[in-house]
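In: Here is my input; please provide its structure:
(chains A and B)
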Amino acid sequence: MDRRDFLRLLSYGCLAAAGLAPAKSPAGQAQERERPIQFVFAQLKYRGGDWNPHALAVQPLMEELMQRTSVEAAPARREMTLTDPDLFSHPFLYMSGKYEFEPFNLDEIDILRRFLSYGGFLLVDDALGQPGYGFDQSLRREMKRIFPEKEFSRLPTAHPALRSYYLLWRIGGVRIVRPYVEGINIGATTPVVYCQNDLGGAWERDQLGNWINPCTPGGEPQRRDAFHLGINLILYAMTENYKDDLIHVPFIQRRLSR
Amino acid sequence: MSEMFFAGGLSWWVVIAVGLGALAAVAFQFIGLKQRLGTQRAAWLTLLRSVVYAALIFFLLSPGLIHKRVTKLRRPLSLLIDTSQSMALPAASGKSRLDLVKEKLLGGNEPLIEKLARDYDLRVYQFNTSLDPVAPSEISKLSAGGRGTRLVEILKEASRDAGPQGAIIVFSDGIANGESKGAIDSGAVSAPIFTVGFGESQGFVDLRVADLTAPEFAFRGREFKLDLLVQAYGLAGKTVPLYFNRGKNLVATRSVNIDKDAFEQRITLAYTPKEIGAHSFSVSAAAQPGEQIADNNHKEFRVEVQRDKLRVLTLSGSPAWNYRFLRMALKQDPFIDLVSFVFLRTPTDVVDVPESQLSLIPFPIDEIFLEELKNFDVVFLDDFSYRSYFNIQYLERVRDFVRDGGGLAMMGGIRSFDSGGYAESPLREVLPVELDGKGRYRMKTRARGILTSSGKAHPITRLLPDPQANEEAWKKMPPLTSLNLVARSRGETLLQAAEDGAGGGPPLLTVGRFGKGRTLALMSDDIWRWSFGAVGARESPQNHLKLIRHSVRWLAQEPTFEQVQIRSVGGPRAPGEKSEFKIQVLNDDFTPAAHAILKIVVTGAEGEQTRLEASEESEGQYRADFTPAREGAYRIEAEAQLGGKTLGRDRKNFSVAFPYAEAEDGRPRPELLKQIAETSRGEFIAGAELNAASLERVAAKLNLLAPSEIVERTEIPLWSTLTTFSIILILLSSEWWLRRKWGMI
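Out: Residues are numbered from 1 along each chain as shown, chains lettered A, B, ... in the order given. Coordinates of the predicted model:
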């Protein structure tokens, strides 16, 4: 805590002690009961393969998101297909799977292309972790159909998606298939991020609060990295290249150099 | 004067043969008569017959007389005297150029003007920007006050007037600064032009700042350059300091080493303006000893310093899709420089890592609100409540920022308007909506934005130029799921929120004014659907983009979004000439504002101010006239009020200068006068060499080009007259009478 933070907290404390702390208005009290949901974790249902390898993954991530950040998130995920009329109400889309899946039809290709070209974000999570096989093979095939001119490329450590909240040096997941994530860039943004380390498996927790899948070889720190990546990617989707703004750059560089 | 001529068509041998025959006949006659009458009488009769024969042979040649009558012509001669300002410059002898002209024409025992008037049909003119006749007796009263020299144009006009027999003598220093400044075409003039040059190039001393090129607009913090040309005559070997001033403050100096006569050097100066606004600059050099024109040592100009980009500050209470798409729209605009802060964490959020592993930066409250705020054009409060982050007093800075001309937009959300605590804040009086502390944030609505009558005309909501298409576009915008309800609108409501397309709902988009600034309230945090939702509906996301961009520009009071606009500065923009300003005034809803009260002030280079009266030409269109007294950089500022409310203001820079820049460069130009003389078959005569001999050359040259007299001829035939017949009859009768007397008949 720097001097300014300390003084700010002190001033709040003094205001509160003097009874001058901003009181909640009646309307504000009412609103505390019903906060507006800013973020809904939408998961893509597709044909073939296994679209839902970790059914219990989302809630733990949402709890983390709300506990750590100012984002008001819906606790439960929203399942949707590409032809869902509500698809464009949820700019963040999560796609997970283990196995090969059926090709998207032309309408779906067009929808996903428009979704990603005009502000939507797709987090792809390979739960199998076998590069060149199963889900990975199908995913790369479909992405090639959506963006024939684009290729997946490795996100550099300085990418704003890896700095949007946490300063990430490691990529977590159930297993470390790739120590990095890949992405497809359109202009200055990266609307598709692809992780092959099974993030969903690392997030998944049973009803009793126990982790379902052990993270190897890094254990709990590796799981924590998976949560951090999930939170970073959500914030990246909601703030775009915010952390690339000039005002942030020197500050982040100072922190990284310590 | 008469001359004899023979019109006969007979050959010479015929005439000789006839003559010989006549001679033989006369000889026979004399011999015959001598035997009968004696020698004396025979000689008389033979003489008479010989005369008759001689007369007949003479008349056989058809003799005649030619009478010639010669008339001397007085050739038209136009005498043109340059009376432009440069002719007042001192010549080498210390007298002005025009004084020397007068001396040449009027001086001496037999003044040149009298000689010319005697020999020619003389017409005298003075010229500068126009050609005006003057009486020869008025030459002594001519003064060099013309503001320009349309030399080439004037000579063409004079040549047309002179006609094919005419000639022109022009007395000038050769400075030509009309539309045509260079050589004259041979086909452009028909009369020969004799040019008499005055002014000595050798003794001419002058330093001038010429050809200054500076941008009309510059950007704050960004260097701009001005290029200028320094010319010097008769100052070789001197070093002259050049001063570059902003207003009366010296910005930079530069030494100019004049290493030769007829010196010329291009110089580039640079300056980085730090303050926004219209600034006067000048480049000048001190007058040098012996310099003949000091006015041209100084040049002033005005530069409007603007922001290179519109600087926008956004404060967002949390990451949200509204921020994401607002950011997208702002970032894609190359004319917007965005600084945004999103509060990613609240004081109650708990992080699981040390601060050093977070990318969060402390919100620089003091820097933003106490130092940097004035450098922004527009501030967006996007679902942001000050209560969690800083003291309410910082909002007083925001209020002052708007009062001083800044733009403020408040976007909806749970942290905005009443639910953000702004009803108890200094922004309550600033915002264009009434806050009473009871306003609610309503979710799960399906509200569409319905254009009000103001919204149909306002540039913020005019997304498409066609009103019908614009209305259709708004109808197609996806519905919004959240609304901030406010007590009422205090400004112009452009959009009303209406569920299922019904009108008359609460205000959704309202704009207003506070002090010199503008404000906007958008009562929803869900307008990102107008972008992404439109894409889902296979509509264009451009309307959201336009709405954001239009809002920023309107809030920043971009000229194209101004309600008061100085549309044009017409007229010659020369001293003494009337300039005309057209001003458009619009109401808050951007309909034409009739009967507005305009305050129009023109400020000159020295800070002198003139208040202008405006007249309304048509609804919302006003006009004002201004006649500048002198050259220089001027600024016009117009402010319009209606019903006690200021509708807006605008300002424009303009410069006033004589179109001819007569005093800019006073060097005599004998080379141009020589070219004109050669092209027109005339002759160049240096002023000092103008005398009787040179005038003789002029006359000779004119005679070569065309005769100076007309000869009238009258032919009188001698052989076919009654007199001729009578002489021959008398001779023959006399011979008959003598013959009878002497008894031969």
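
In: following the biggest helix by length in chain B, which helix or strand comes up?
Out: Across chain B, the longest stretch assigned as helix under DSSP state H is helix B:12-60. Next helix or strand after helix B:12-60 toward the C-terminus (DSSP states H and E): strand B:63-72.

In: Please name every helix or strand in contact with the helix or strand that comes right after that next one.
Out: On the C-terminal side of strand B:63-72, the closest following helix or strand by DSSP H and E is strand B:76-82. Judged by 3 or more C-beta pairs under 8 Å, 6 or more residues apart in numbering or on different chains; DSSP states H and E, the packing partners of strand B:76-82 are helix B:97-106, helix B:112-119, strand B:121-127, helix B:151-162, strand B:167-172. No exception for glycine: its C-beta is placed from N, CA and C like everyone else's.

In: Apply 10 Å and report the result again.
Out: If you count contacts as 3 or more C-beta pairs under 10 Å, 6 or more residues apart in numbering or on different chains; DSSP states H and E, strand B:76-82 packs onto helix B:97-106, helix B:112-119, strand B:121-127, strand B:131-133, helix B:151-162, strand B:167-172, strand B:193-197, helix B:692-705.

In: which outside residues touch the last one?
Out: Right, the one you point to is helix B:692-705. By C-beta atoms under 10 Å, 6 or more residues apart in numbering or on different chains, the surrounding residues in contact with helix B:692-705 are B:75, B:77, B:108, B:110, B:112, B:115-116, B:119-120, B:164-167, B:169, B:191-192, B:194, B:196, B:681-683, B:685-686, B:690, B:708-709.

In: Mind giving me the ChimeraX select for the residues you listed, buried ones only?
Out: The following ChimeraX line selects those of these that are buried, judged by 16 or more other C-beta atoms under 10 Å in any protein chain shown:
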select /B:75,77,112,116,119,120,165,166,167,169,191,192,194,196,681,682,683,685,690
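
In: Just the terminal-to-terminal distance for stretch B:235-252.
Out: End-to-end distance for stretch B:235-252: 23 Å, by C-alpha to C-alpha, to the nearest Å.

In: Run through who's touching the helix-or-strand element of chain B with minimal mean pLDDT.
Out: Least confident helix or strand of chain B, by mean pLDDT, DSSP states H and E, is strand B:709-717 with a mean of 75. Here strand B:709-717 makes contact (C-beta under 10 Å, 6+ apart) with B:1-5, B:7, B:59, B:62-73, B:703, B:724.

In: Which members of those residues are classed as buried?
Out: Among the contacts of strand B:709-717, the ones that count as buried by 16+ other C-beta under 10 Å are B:59, B:62-64, B:724.

In: and which of those residues is nearest B:L310?
Out: Lowest distance from B:L310 to these (C-beta to C-beta) belongs to B:G64, with 101.5 Å.

In: mind listing what the closest one touches?
Out: Counting by C-beta under 10 Å, 6+ apart, B:G64 touches B:3-8, B:715-721.

In: ok, what's across the strand from it?
Out: Beta bridges link B:G64 to B:F5, B:P717, judged by DSSP bridges.

In: Read off the pLDDT value for it.
Out: Note on B:G64: pLDDT of 83.

In: all helices for the chain, in order.
Out: Just going to use chain A. Counting by DSSP H, the helices of chain A are A:3-17, A:26-33, A:58-68, A:106-117, A:134-146, A:199-203, A:220-239, A:249-257.

In: To clarify, I was referring to chain B.
Out: Ranges of helices in chain B, per DSSP H, are B:12-60, B:97-106, B:112-119, B:151-162, B:321-331, B:365-366, B:393-403, B:453-457, B:467-476, B:532-536, B:542-555, B:670-679, B:692-705, B:722-741.

In: If you tally nearby residues, what's the number for the residue in chain B positioned nearest to chain A?
Out: Proximity of chain B to chain A (C-beta to the nearest C-beta) peaks at B:G536, 2.6 Å away. Counted by other C-beta atoms under 10 Å in any protein chain shown, the residues lying close to B:G536 total 21.

In: wouldn't it be in contact with A:Y118 here?
Out: Yes: contact criterion C-beta atoms under 10 Å: B:G536 and A:Y118 qualify, at 9.0 Å.

In: anything in contact with each of these two?
Out: Jointly contacting B:G536 and A:Y118 under the rule C-beta under 10 Å, 6+ apart are A:F88.

In: B:A210 versus the residue in the stretch 51-200 of chain A positioned nearest to chain B, what's the distance?
Out: Residue nearest to chain B within the stretch 51-200 of chain A: A:F88 (2.6 Å; C-beta to the nearest C-beta). The gap separating A:F88 from B:A210 is 63 Å, by C-beta to C-beta, to the nearest Å.

In: One more: B:V15?
Out: 84 Å.

In: do the same with B:S425
Out: Distance, B:S425 to B:A210, using C-beta to C-beta: 59 Å.

In: ditto for B:L313
Out: As for B:L313, its distance to B:A210 is 45 Å (criterion: C-beta to C-beta).

In: Compare the two (neighbour count), which wins?
Out: Neighbour count, other C-beta under 10 Å: between B:L313 and B:A210, B:L313 has more, with 22 against 15.

In: Tell me the pLDDT of that one.
Out: At B:L313, the pLDDT value in this model is 95.

In: residues contacting it?
Out: Contacts for B:L313 (C-beta under 10 Å, 6+ apart) come out as B:337-341, B:368, B:372-373, B:375-381, B:398, B:401, B:406.
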